[in-house]
Structure formats: structure tokens, C-alpha cells
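# Here is my input, please return the structure:
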Amino acid sequence: MYELFIGFGDLYKFNAIPTFSLSLGLLGIVGIFLTLGRRLDSAMKLERFGIPIALLVGAIGFLIGPYGPFSLLPERVMNIWMQLPTPLLTLVFASLMLGRPIPKVSGLWKPVASQALLGLLLGFGQYIVGGIIVLSFLLPYLGVDPLMGCIIEVGFEGGHGAAAIMGDSFSKLGFPEGLDLGFAMATVGLLASTLIGSFLVVIGRFFGWIVPADNEVIINLDESELVSNPFEQLKSLLYNFALVGVAVLIGIFLLYCLRTSSIYMGDISQQVLKAFPVFPLALLGSFFVRFVLEKIEKTKFISSLFQREIGILATDLLIITAMAGLNLPLLTNYWLPISILAIAGLVWNLAGMLFFSRLFFKDEWFERSIAEFGNSTGVAASGLLLLRLADPRNSTNTLPVFSIKQLFLQPLLSGGLITVIAPLFISSYGLKEWTEFCSLISVTLCALAISLQSTYKKAAS
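The predicted model follows:
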């Protein structure tokens, strides 16, 4: 049970409580400054332009990190920080469903299905693009490892947390560079999702792709968010941290059950479940806690404001810890393949948003595709950020559709089952076979989406 909360499994190697305390203390101070700094006018202006403050702090962390030009952070501190992205990502997903009412499923299954199909297409397409580039150019001319074909999906779709998780799997398969290359790709993806995504929102408004906002702004705040008493706010914050902790514990228990049941399965299934992370199951735990509280009518204990802040802070700290430990000498050696793969991944995601989304969605195609672009290029939080820019008043039905879709897709992509299986499959059967398999899946997804749209048209007529 100890190692199920993946990310702290190697801390025992350091056996140094002072170092551990110093590392978490420094991160806590950074977290406090981040929380306060995001409320400054300059920081809010930067975020409106698509530059998260976490990226700037992460860049400073990189400069003073062990591989940066100033090397002020001790290496032993960075060794502990590098274990934190996965626990932090688990906190992000444990808070994702808690802060929002569970949407009514009736009438949403078709939009959710088409949203899920586009998300799957973008994820599997990143494997196709990566596989084609590695097989046709990077492998024969630069001699890279075939597992480089996974880097786009790990970095873009999965982000820094998935890169941290898959780093251990890559090392066991003889590709230790995968960790730093995944972090580098995730950093490029996060920056691109916010900058390019924000620019796309501006273009969408200019061409009239965005659904006009309603004149009425609906504000829905819990009573706990209106309380100004500091003691009551502290109590509410502790309640919300406790609820996140319960969601994480549910995820740990589910993972424990899966791994226990794996002894009755084959070797491949055991390898997959051993590498499977806890955070997709923490998302299910988040949904379960919210569902129970709604049933017993105790949602007053949940503050959507605090849940959002917990998720944002965990995401910011995840980015900072990952960027601070980037291995610059290694990235310098791999700058060409990383650049080629990053550009190809961006082109694919843009094609998915601007072309495939019109095949997949009948209405509100821009809002739904911009959220998927942010999620598939950066992280889920990037998708929600771009959705808020495109639909600030929730005039469309995109937010509940996107939230429900996450429950189905997160256990598969973005560090889920498919992400874990991909390098194992490539090592056992080959990159060409994996690319062909992903191509078959992608064609099937397109056929299902077109079929779903035809049922829409028949129902409308």
C-alpha cells in the first residue's frame, strides 16, 4: 500500500528528514507566493495573453536548478522535487469533479460521445504522427530510440505528471532519456496550448465562430464562498482538503484492488497494472465523493472556489518542479528530434481542432474543440482555461460535456492505460505495428463520429 501513492516511493533512499523538510518548505513558500502573485494585475494580464505565471516561475527554477546556469538549488532538494509531479497531479484530478455539480446525463450522451471521440482521435493521432516521423526520419538518420514515438502523447496529452510517471517505465525499457524528453515536450505543449489557444480564441471571435454570450451572467456561489470570517474560511479550506484526501484514498484503494487482482492475470496485464498510476482513479474518487455529498445533501461543505484553487496550485507546483529539474545537456543533444516532434504534434492538434471537430460536432464546434485542443496540447486545466476565454459566461453546454468526458478518457490517455501500454507494446512488437494499430483505431473513430452526426441529422429532420 505504501507505494500506491506513486511518486514518494523513492524518498526512502535519501533518509534525510532535514533535506525532506527543506524541500517541502521551499515548495510551500513558492506555493504561497504563487497564490498571492496570481492576484496581481501584472500576473492576470500575462495570463490573459496566455502566459501562466507558473511557467515564469518554472523558468526561474530551471535557471537556478542543478542543470541551469546558476545552480543555486542543491541537487538533493531537486532529487526530492522530482518525486513530486505525480502526487501533485493526483491532487489535481482529485479536485477536478468535486467543485462542480454533477451534470444531468440525460440529453448529454451524444455530445459526450462526440467529445470523447475527438479526444481519442487527438490522442491516438499523436502516436501516429510520432510513429511516422520516428520511422521515416529520426530512426534511420539520427538513430533515436523507437520509444521516441511515444513522446508527443506523453508530453502533450499527458503533461508533466504523465512524463514523470512514464519516466520510470522508459528507464526499465532502456530509454532513460524519456523522462527529461517527456518533461521538455510537456513544457512546449503547455506553453503552446496557452499562447496558440489564446490566439485561436481571438481569431474565433473575429470570424464569428464563437457562440454569442448571453446577456445575463449567472453567478452560483456556495455560502461558504461568501463568508468573510477568516476562521470560517480556514475551516472550509480544511474541509475541502479533507475531501480531496478522501478522493485520493478511494483512488489508492481502487488501484490496490486492481493490482491485487492482477495476480490472476497474465504477465503483460501485471506489467500494465504495476505501471498504472493512481491519478485517473483519484478522478473517479472525486466523482464518487461529489455524488455521495449530493445524495445526502451535504454539498455545503464543498467550496468550488477552494477546489479550483487547490487544483490550480497543484498544477502550478507540478510545472515548477518539473521545469526546475530539466536536464539541459540532454535536451541540447536532442533538440532536433524534440523540435520536429513538437511541431508535428502541434500541426496535428490544430488539424483536429479546425478540421476534424467540424466533422465530429454539430453545434458549438469552436468552444468544444478549443477545450479539447488545450487538454490535448497542455493539460486538462489548459482546456478549462481556454474554454473560459471562449465561453466566459457558460453560454454553451461545453463545460459539463467536457467534465463528463474526462471521467471516461482520463483512465485511458493522459497517463492512463493506453499511455502505459504503448511503450510495452513497442518494445515487444515494434513501433511500426503500434503505429498501424493506432491508425486503424483512428479510422474507426472517424467512422463512428460521422455515423453519430448522421443520426443527429436524421433526428433533427
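# Contacts only, for Trp365.
209, 357-358 (CB atoms under 8 Å, 6 or more residues apart in numbering). All C-beta spots, glycine's among them, are computed from the backbone N, C-alpha and C.
# same question but for Ser414, I mixed them up
Ser414 makes contact with 123, 157-159, 162, 280, 375, 379-380, according to CB under 8 Å, 6+ apart.
# what about it, which SS state?
Put simply, Ser414 is coil when judged by DSSP: H, G, I helix; E, B strand; the rest coil.
# Kindly report the same for Asn240.
Assigned with three-state DSSP, Asn240 falls in the helix class.
# on that earlier part again, mark which of the contacts of Trp365 are buried, thanks.
By the neighbour-count criterion of 16 or more other CB atoms under 10 Å, these include these buried positions: 209, 357.
# The contacts of Ser414 in strands, which ones?
Of the contacts of Ser414, none are assigned to strands by DSSP state E.
# Most neighbours among these, please name it.
Comparing the contacts of Ser414 by number of neighbours (other CB atoms under 10 Å), Gly159 comes first, having 34 neighbours.
# Tell me how far that one lies from Ile165.
Distance of Gly159 to Ile165, computed by CB to CB, to the nearest Å: 10 Å.
# before we move on, back to that, could you dump the contacts of Ser414 into JSON lines and include distance to Leu336 and pLDDT?
As requested, the contacts of Ser414 are exported to JSON lines (distance: CB to CB, whole Å; pLDDT from 0 to 100):
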{"residue": "Gly123", "distance to Leu336": "25", "pLDDT": "93"}
{"residue": "Glu157", "distance to Leu336": "22", "pLDDT": "87"}
{"residue": "Gly158", "distance to Leu336": "22", "pLDDT": "83"}
{"residue": "Gly159", "distance to Leu336": "23", "pLDDT": "80"}
{"residue": "Ala162", "distance to Leu336": "23", "pLDDT": "81"}
{"residue": "Pro280", "distance to Leu336": "33", "pLDDT": "79"}
{"residue": "Asn375", "distance to Leu336": "28", "pLDDT": "88"}
{"residue": "Val379", "distance to Leu336": "26", "pLDDT": "73"}
{"residue": "Ala380", "distance to Leu336": "30", "pLDDT": "73"}
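# Can you flag which of those belong to helices?
Counting by DSSP state H, these place 123, 159, 162, 280, 375, 380 in helices.
# Can you list phi and psi of Ser395 for me?
Taking degrees, to the nearest 10, you get phi -70, psi -20 for the backbone angles of Ser395.
# The helix or strand Pro87 falls within packs against which elements?
Secondary structure from DSSP states H and E places Pro87 in helix 85-94. In terms of contacts (3 or more CB pairs under 8 Å, 6 or more residues apart in numbering; DSSP states H and E), helix 85-94 is packed against helix 159-172, helix 230-261, helix 279-295, helix 304-324, helix 380-390.
# okay, the angle between it and helix 159-172?
140 degrees (axes from the mean of the first three to the mean of the last three CA atoms, to 10 degrees).
# Skip the chain neighbours and tell me the closest residue to the spatially most central residue of the chain.
Centroid-nearest residue in the chain, with CA atoms, centre = their mean: Val379, separated by 3.3 Å. If the residues on either side of it in the chain are set aside, Val379 comes closest to Gly159, at 4.1 Å by CB to CB, 6 or more residues apart in numbering.
# mind checking how far the one you found is from Leu413?
Gly159 sits 11 Å away from Leu413, going by CB to CB.
# Repeat that for Phe361.
19 Å.
# Mind listing the shared neighbours of Gly159 and Ile165?
Counting by CB under 8 Å, 6+ apart, the residues touching both Gly159 and Ile165 are Gly415.
# From the contacts of Ser414, pick the one nearest Ile196.
The nearest member of the contacts of Ser414 to Ile196, counting by CB to CB, is Asn375 at 13.7 Å.
# Could you verify my assumption that that closest one touches Ala116?
No - contact criterion CB atoms under 8 Å: Asn375 and Ala116 do not qualify, at 11.6 Å.
# To what extent is Thr299 buried, counted in neighbours?
Per other CB under 10 Å, the neighbour tally for Thr299 reads 16.
# Let me fix that, I meant to ask about Lys274.
Lys274 has 12 neighbouring residues, counting by other CB under 10 Å.
# Kindly state the pLDDT recorded for the residue lying closest to it once chain neighbours are set aside?
The shortest distance from Lys274 to any non-neighbouring residue, by CB to CB, 6+ apart, is to Arg259 (6.8 Å). pLDDT, Arg259: 84.
# now Met78
75.
# Now name the helix or strand holding it.
Residue-wise, Met78 maps onto helix 75-81 under DSSP H and E.
# Sort out which residues of that helix are buried, please.
76-81.
# rewinding a little: so which of the contacts of Trp365 is the closest to Pro337?
For the contacts of Trp365, the minimum distance to Pro337 (CB to CB) is 28.8 Å, reached by Ser357.
# and the helix or strand containing the closest one, how far out from the chain's middle?
Ser357 belongs to helix 357-360 when assigned by DSSP H and E. Offset of helix 357-360 from its chain centre (CA atoms, centre = their mean, to the nearest Å): 23 Å.
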